[in-house]
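1. Curious how this folds, go ahead:
(chains A, B, C and D)
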Protein chains: 2
Amino acid sequence: MPRSARPTPARSDVTTRLREAITRGQLMPNERLVEADLAATYGVNRAHIRTALAMLDQEGLVVRERNRGARVRAITDAEALEIAETRLALETMVARQAAAKITDTDRKALRAIEADMRRAVKDADDMAFSRCNGALHREIQRIASNATATRILSTLRSHLVRLQYRVILLPGRPQSSLAEHQAIVAALCANDANAAEKAMRRHLTSFTTLLKQAIDAARHGGF
Amino acid sequence: MPRSARPTPARSDVTTRLREAITRGQLMPNERLVEADLAATYGVNRAHIRTALAMLDQEGLVVRERNRGARVRAITDAEALEIAETRLALETMVARQAAAKITDTDRKALRAIEADMRRAVKDADDMAFSRCNGALHREIQRIASNATATRILSTLRSHLVRLQYRVILLPGRPQSSLAEHQAIVAALCANDANAAEKAMRRHLTSFTTLLKQAIDAARHGGF
DNA sequence: GCCGCGCAGATTGTCAACAATTTGGATAAC
DNA sequence: GTTATCCAAATTGTTGACAATCTGCGCGGC
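-> Residues are numbered from 1 along each chain as shown, chains lettered A, B, ... in the order given. Coordinates of the predicted model:
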């Protein structure tokens, strides 16, 4: 039987679609998530929305109060830093593990992404740079093949994506970030776990510091 | 109105009860979780069970296959090590943060738990020791007040509890574990972030190593 | 004996209706 | 003008029924 007119048009993962809507900022923090509305929007039953909200609650992207419904969880500045630091701790571990497991194929993949990233910096293409950034980190996680850490990092990232742009758009950030990434790639390709961990720590420390500055600037300046 | 005959007898968190049933081993790995049965067991509606299963799925404690229901997720040996290593990375960070924030009240609490632990070792009371162990780690997390890391660690722990006993019951383990914990407490009380991180790393590295040995022994020996 | 076929039971997926609760505003009292 | 009270609309919580799907078993053909 051809599935031309499929009965469930990708309705299986409303959770994914809702998650993306939140991380992309289409649903603003503290915005109420009315089950009936969401059901209508995504063309599914209220039960689907209900379980999706339960999962996103567990994931920390929404909060639910009994009889009061769900809202997009607004993360505080302090929490953003917590997340950035937790990410740092995990990604340094992942970098170390990746250095121990890397193969020639992996090296090629890393260098390809690095080349893309260099190009993006030269062209001053922030969007492309951001994509390469994500791709590189994900590739390192794939090499480390630590499913547990990868899963946790992906949920942490979903909380950070919105803030990330503030940092990337800082003047001179792409250049220094590129250098940091190159150091990471070099260490990984050399099988040097210590150097890889150190390079990743330096990279993410710098990210965290800049994030902190961006947050402070937002608080005092134009909020 | 008095709530003598309360309408919802703690039915609100079937999720918690299910989670505990799994972590305590009352529900075995790969055991099928039939919604109707669970609903009857816990005296709630199938919808409750359904959302509980969705959350525990997100948490990684159960797996669900479409139209085939949910089962308790069986974690592999490799995964157990992944989890232990991830835990190590997070708890070393937490130890560092706790050292930076510790107050006199916190110091007292830590020393009290340490005393309990010493007593448990002297009495060779493994259960009490295990409780103190958990209490100490939780207290350190509370001091660090990194909600993000604490949340992640609590789910990681839920995966490790069953394996934990294998390690604790090894001969001589309580004694060496006690010494490791004392080093951690001392470093924390001295506000020494570097020493605290180092002590925690040593402690959890030793735990991870023993866990690895226990796994290998189980594989080759009597499993 | 072995393999495919199909049926019945068990189980999950979907849905709509109803009950319970909250929320905002209108109304009345002061 | 302010506050308290109550009602109606909106929203979530709960339940049961039905449809879709899977699973195991018996039956028949070879």
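
2. Do any residues in stretch A:88-95 lie close to chain B?
-> Yes - among the residues of stretch A:88-95, A:Leu88, A:Ala89, A:Leu90, A:Thr92, A:Met93 lie within reach of chain B under CB under 8 Å from any CB of the partner chain. Every residue, glycine included, has its C-beta placed from N, CA and C.

3. so who does A:Ala99 touch?
-> By CB atoms under 8 Å, 6 or more residues apart in numbering or on different chains, A:Ala99 lies in contact with A:Ala187, A:Leu188, A:Asn191, A:Asp192, A:Ala193, A:Ala195, A:Ala196, A:Glu197.

4. right, and the fifth one touches A:Met93 too?
-> So that's A:Ala193. No - in this structure A:Ala193 lies outside contact range of A:Met93 using CB atoms under 8 Å: 10.3 Å.

5. neighbour-wise, which of the two wins?
-> A:Met93 (22 against 18; other CB atoms under 10 Å in any protein chain shown).

6. Assign the more buried one to helix, strand or coil.
-> helix (DSSP: H, G, I helix; E, B strand; the rest coil).

7. if I pick the residue lying closest to it once chain neighbours are set aside, what's in contact with it?
-> Distances taken as CB to CB, 6 or more residues apart in numbering or on different chains place B:Ala89 nearest to A:Met93, at 4.0 Å, with adjacent residues excluded. By CB under 8 Å, 6+ apart, B:Ala89 lies in contact with A:Ala89, A:Leu90, A:Thr92, A:Met93, A:Ala149.

8. How about the residue in chain A that DNA strand C sits nearest to: what's its closest non-neighbour residue?
-> When distances are taken as CB to the nearest atom of the strand, chain A reaches nearest to DNA strand C at A:Asn45, 3.3 Å away. Closest residue to A:Asn45 apart from its sequence neighbours, by CB to CB, 6+ apart: A:Ala39 at 6.2 Å.

9. for A:Ala147, same thing?
-> B:Glu82 (6.5 Å).

10. So that neighbour is in contact with A:Ala144, correct?
-> No - with contact defined as CB under 8 Å, B:Glu82 does not reach A:Ala144; the gap is 9.7 Å.

11. Report the buried residues of the longest helix along chain A.
-> For chain A, the helix with the greatest residue count under DSSP state H is helix A:193-220. In terms of neighbour count (16 or more other CB atoms under 10 Å in any protein chain shown), helix A:193-220 has its buried residues at A:193, A:195-201, A:203-204, A:207-208, A:210-211, A:214-215.

12. what do you get for stretch A:173-184?
-> Here stretch A:173-184 shows A:Arg173, A:Pro174, A:Ser177, A:Leu178, A:Glu180, A:His181, A:Ala183, A:Ile184 as buried, counting by 16+ other CB under 10 Å.

13. now those residues as TSV including distance to B:Ala98, pLDDT and secondary structure?
-> Supplementary listing: the buried residues of stretch A:173-184 in TSV, determined by distance: CB to CB, whole Å; pLDDT from 0 to 100; DSSP: H, G, I helix; E, B strand; the rest coil:
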residue	distance to B:Ala98	pLDDT	secondary structure
A:Arg173	32	88	helix
A:Pro174	36	89	helix
A:Ser177	31	95	helix
A:Leu178	35	97	helix
A:Glu180	28	97	helix
A:His181	31	98	helix
A:Ala183	30	98	helix
A:Ile184	29	98	helix
